[in-house]
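In: let's see this in three dimensions:
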Amino acid sequence: MDGPLSPGGLRVTDTATGITLLPGCCNGLEQRRDWLEVVEGDGGAFFGHAPSPLAERLGDTLRLTVDAEQDDSPVIELRVAELRHLLVGAERDLADFLGLAADWAAQHLPNHATSVTVALARALDLPAPVVPSKP
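Out: Have a look, this model is predicted:
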């Protein structure tokens, strides 16, 4: 293992149909920027296996296949701009979480707050925030 990991990745749920695309076992939050390759490019990306989720860009539309290994797999279709908006929100939420974790570490682990925060930032592939000093 090279460093801390954040397994789980990003999931997408179509609230109208209830269809959910879940990341596969080999896709974590640290790889979430792979979504940008689909949004900014013109190809596709796989997000792990078991299931084998696939995202493909087709013009201004994204087709998200829940399990590319299954011929009858459910799909979610959404506009590129909509996914871009969702990704911005996810980045903001992760940065906010990291800030809260840094505050928590400063309060509960004052002697280790910086190392815990730096490790978490590395796992999330985010810049480490300034850790508040002891109260």
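
In: which helices and strands does the helix or strand hosting Asp96 pack with?
Out: In this structure, Asp96 is located in helix 80-108 according to DSSP states H and E. Judged by 3 or more Cβ pairs under 8 Å, 6 or more residues apart in numbering; DSSP states H and E, the packing partners of helix 80-108 are helix 34-40, strand 61-65, helix 113-124. For glycine as for every other residue, the C-beta is placed from the backbone atoms N, C-alpha and C.

In: now the least confident helix or strand in the chain by mean pLDDT: buried residues?
Out: Lowest on mean pLDDT, DSSP states H and E among the helices and strands of the chain sits strand 44-46, with a mean of 88. Going by neighbour count (16 or more other Cβ atoms under 10 Å), the buried part of strand 44-46 is Gly44, Ala45.

In: and the contacts of it?
Out: Gly24, Asp34, Trp35, Glu37, Val38, Ser52, Pro53, Leu54, Ala55, Glu56, Arg57, Ala68 (Cβ atoms under 8 Å, 6 or more residues apart in numbering).

In: swap in 10 Å and give it another go.
Out: Applying Cβ atoms under 10 Å, 6 or more residues apart in numbering, the contact partners of strand 44-46 are 24, 26-27, 31, 34-39, 52-58, 62-65, 68.

In: same check, this time on stretch 97-107
Out: 112-118, 120-121, 123-124, 126-135.

In: show me the shaky parts of the protein.
Out: Applying pLDDT under 70 to the chain picks out residues 1-2, 134-135.

In: how about 80 then?
Out: The model of the chain has pLDDT under 80 over residues 1-6, 42, 132-135.

In: for Glu56, give me its contacts.
Out: Val38, Asp42, Gly43, Gly44, Ala45, Leu62, Arg63, Leu64, Thr65, Ala68, Val75.

In: assign a three-state SS to it, would you?
Out: strand (DSSP: H, G, I helix; E, B strand; the rest coil).

In: what bridges to it?
Out: Gly44, Arg63 (DSSP bridges).

In: and Asp67, which helix or strand is it part of?
Out: Going by DSSP H and E, Asp67 is not in any helix or strand.

In: got phi/psi on it?
Out: phi -150, psi 100 (degrees, to the nearest 10).
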